[in-house]
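Q: Fold the following, please.
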Amino acid sequence: MKFLKQFSQKAILAATLALSTNALADQALNLDSLLKTLEQGQAAQTTQNKAREADFRAKQDQQVSMLNALTNKRNGELSRSERLETSFEENEIKLQNLTDTLSKRMGSLKELFGVLQQVAGDSSNKFQTSVVSAQIPGRSAFMDEMAKKMGSSSRLASIEDIEKVWYELQREMTEQGKVSRYNSEVIVAGGSKVTKEVLRVGAFNLIADGKYLTYNPVTNTTSELTRQPVSRFTETAADLQLETTGTVAFALDPTGGSILGLLVQAPNTQEQVHQGGAVGYVILGVGVLALLIALERFFSLMVMGAKIRRQLKEDVARDDNPLGRVMKVKEQYPNVAYDTLELKLSEAILREMPKITRNLTLIKIISVVAPLLGLLGTVTGMINTFQAITLFGTGDPKLMAGGISQALVTTVLGLVVAIPTVFLYTLLNTRSRNLLLILQEQSAGIIAERSEKGA
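A: Predicted coordinates:
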């Protein structure tokens, strides 16, 4: 109330100042009109203040009512909390008693269920990766559910569940000893799915159309290996799929696909040759050149030897063979002394020697150069290996294996070219020497004959 009185006095003073200002400005108001205006303003202010006081009292009563309601609600919740806490403690005691009772009644069954849980968990992992699941899917899901059920103390296994676990284990063992055929969708090269007859060899391998398959347990799909092993393995797969009775040799993977995965990653002969790089191509080039020269020399010497043997059986000298051309020297110089004839025959043999021994020296050079080229590739590969070690360290063995593989491949290529080239050179050189010996033998006979005539 004191506040309201002070407020009314300030309002009256403010109104007075405003009226005084207006009176001074207009110069039309007198004291009576000013007094009357103040009275009216004071009456209006008093009425407004009373209305505000009434509104405040009404709201104050409302706030008090709300406070009382919330206080009562809080008291009720506190009481409810005490009741729930008491009930929770009682339930804890009951649950502990029931748990003790359950443990006493289960007895040895608890150990049985523990073993059953372990067996179900282990079998689930086994079934998930087994190729038998490609033909019989869904077994691992049941084993997972059984393991979860046995892990919960509130759920017990039924006789049917236990029998099904035993049945699945027995079926897995039985199927591992069978070679089964069934139709299934197979993902072939390109990603398309084709229904094929799949042959399952126990729990080891899957084959179709003579190709090895792989089973993906995550997506439960069967697909062809993008890269098949060498032909000696795929041929056994094709033979096994064609046969329906009897015994067939088959290359199986006892690890269920691990060894097969390593085999298909191994480079074939063509890829190994490419690993040799530029040096390897040069070695193969000189090897092919040596082979072509050796073939040409082999056929030439074979034809030449046949003509010389034919000439040995005839008395008339021919120009189509070295022996005939040497024998014609005797006819060209019928009256010379035997020592002069010997020189003429030696000269004729020397003229025939380049034709007989042509390009044999080149084959010998290639047999010597090929291992040196292989050594060059070895050094180059080791340089690349050490450069890789310098840049990337020794953390990745595959990085070093690439350079070492290149080094070894070039060495092998050099030896592969050199060894047969040495044999070819030896064979051709022996044959050419035999032909020269025939020429020298016949030349010696002609000289002896002339010597006898001169004597």
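Q: element containing Thr214?
A: strand 211-216 (DSSP states H and E).
Q: Show the subsequent helix or strand relative to that strand.
A: Next in sequence after strand 211-216, counting helices and strands by DSSP H and E, comes strand 221-224.
Q: May I see the buried residues of that following strand?
A: Thr222, Ser223, Glu224 (16 or more other C-beta atoms under 10 Å). C-beta coordinates here come from the backbone N, C-alpha and C atoms, glycine included.
Q: now the residues you listed as CSV including distance to Ile187 and pLDDT?
A: Converted to CSV, the buried residues of strand 221-224 look like this (distance: C-beta to C-beta, whole Å; pLDDT from 0 to 100):
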residue, distance to Ile187, pLDDT
Thr222, 7, 86
Ser223, 4, 86
Glu224, 7, 84
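Q: Okay, buried residues for the helix or strand that Gln270 is a member of please.
A: In the assignment (DSSP H and E), Gln270 maps to helix 269-275. Buried residues in helix 269-275, counted by 16+ other C-beta under 10 Å: Gln272, Val273, Gln275.
Q: Just give the nearest non-adjacent residue to the first one, would you?
A: The shortest distance from Gln272 to any residue that is not its chain neighbour, by C-beta to C-beta, 6 or more residues apart in numbering, is 5.5 Å, and that residue is Val409.
Q: which residues does the one you found contact?
A: Gln272, Val273, Gln275, Gly276, Gly280, Gly377, Gly381 (C-beta atoms under 8 Å, 6 or more residues apart in numbering).
Q: How about Met143?
A: Ala120, Gly121, Ser123, Ser124, Phe127, Val165, Glu168 are the contacts of Met143 under C-beta under 8 Å, 6+ apart.
Q: Can you check the pLDDT for the residue nearest to Gln272?
A: Note on Val409: pLDDT of 86.
Q: What is the neighbour count of Asn49?
A: 17 (other C-beta atoms under 10 Å).
Q: would you turn the buried residues of helix 269-275 into CSV with pLDDT and distance to Gln387?
A: What follows is the buried residues of helix 269-275, written out as CSV (pLDDT from 0 to 100; distance: C-beta to C-beta, whole Å):
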residue, pLDDT, distance to Gln387
Gln272, 72, 22
Val273, 76, 23
Gln275, 74, 17
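Q: Include distance to Met173 when you put these into JSON lines, please.
A: Shown next, in JSON lines, are the buried residues of helix 269-275 (distance: C-beta to C-beta, whole Å):
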{"residue": "Gln272", "distance to Met173": "42"}
{"residue": "Val273", "distance to Met173": "46"}
{"residue": "Gln275", "distance to Met173": "45"}
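Q: Of those residues, just say which sits nearest to Val422.
A: Nearest to Val422 out of the buried residues of helix 269-275 is Val273 (C-beta to C-beta; 21.1 Å).
Q: ok, back up a step: packing partners for the next helix or strand after the helix holding Gln270?
A: Per DSSP H and E, the first helix or strand lying C-terminal to helix 269-275 is helix 277-312. Judged by 3 or more C-beta pairs under 8 Å, 6 or more residues apart in numbering; DSSP states H and E, the packing partners of helix 277-312 are helix 269-275, helix 322-332, helix 338-356, helix 360-392, helix 397-454.
Q: buried stuff in the third one?
A: Applying a neighbour-count criterion of 16+ other C-beta under 10 Å, the buried positions in helix 338-356 are Tyr338, Leu341, Glu342, Lys344, Leu345, Ala348, Ile349, Glu352, Ile356.
Q: One more: the second one?
A: Of the residues in helix 322-332, those buried under the neighbour-count criterion (16+ other C-beta under 10 Å) are Pro322, Leu323, Gly324, Arg325, Val326, Met327, Val329, Lys330.
Q: wait, which of those residues is closest to Gly414?
A: Pro322 (35.8 Å).
Q: Skipping its backbone neighbours, what lies nearest that closest one in space?
A: Per C-beta to C-beta, 6+ apart, closest to Pro322 is Glu352, 4.0 Å.
Q: Who are the contact partners of that neighbour?
A: Pro322, Arg325, Val326, Leu439 are the contacts of Glu352 under C-beta under 8 Å, 6+ apart.
Q: ok, the second one to Tyr333 distance?
A: This means Arg325. Using C-beta to C-beta, to the nearest Å, Arg325 is found at 14 Å from Tyr333.
Q: repeat for the third one
A: In this view, Val326 and Tyr333 are 12 Å apart by C-beta to C-beta.
Q: re earlier: using TSV, please lay out the buried residues of helix 322-332 together with pLDDT and distance to Leu435.
A: Listed next are those as TSV, based on pLDDT from 0 to 100; distance: C-beta to C-beta, whole Å:
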residue	pLDDT	distance to Leu435
Pro322	85	7
Leu323	83	9
Gly324	83	13
Arg325	86	13
Val326	85	11
Met327	84	14
Val329	83	17
Lys330	82	19
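Q: and which of these is nearest Ile308?
A: Of the buried residues of helix 322-332, the one sitting nearest to Ile308 (C-beta to C-beta) turns out to be Leu323, at 4.6 Å.
Q: ok, that closest one touching Arg310?
A: No: taking contacts as C-beta atoms under 8 Å, Leu323 lies outside contact range of Arg310: 9.3 Å.
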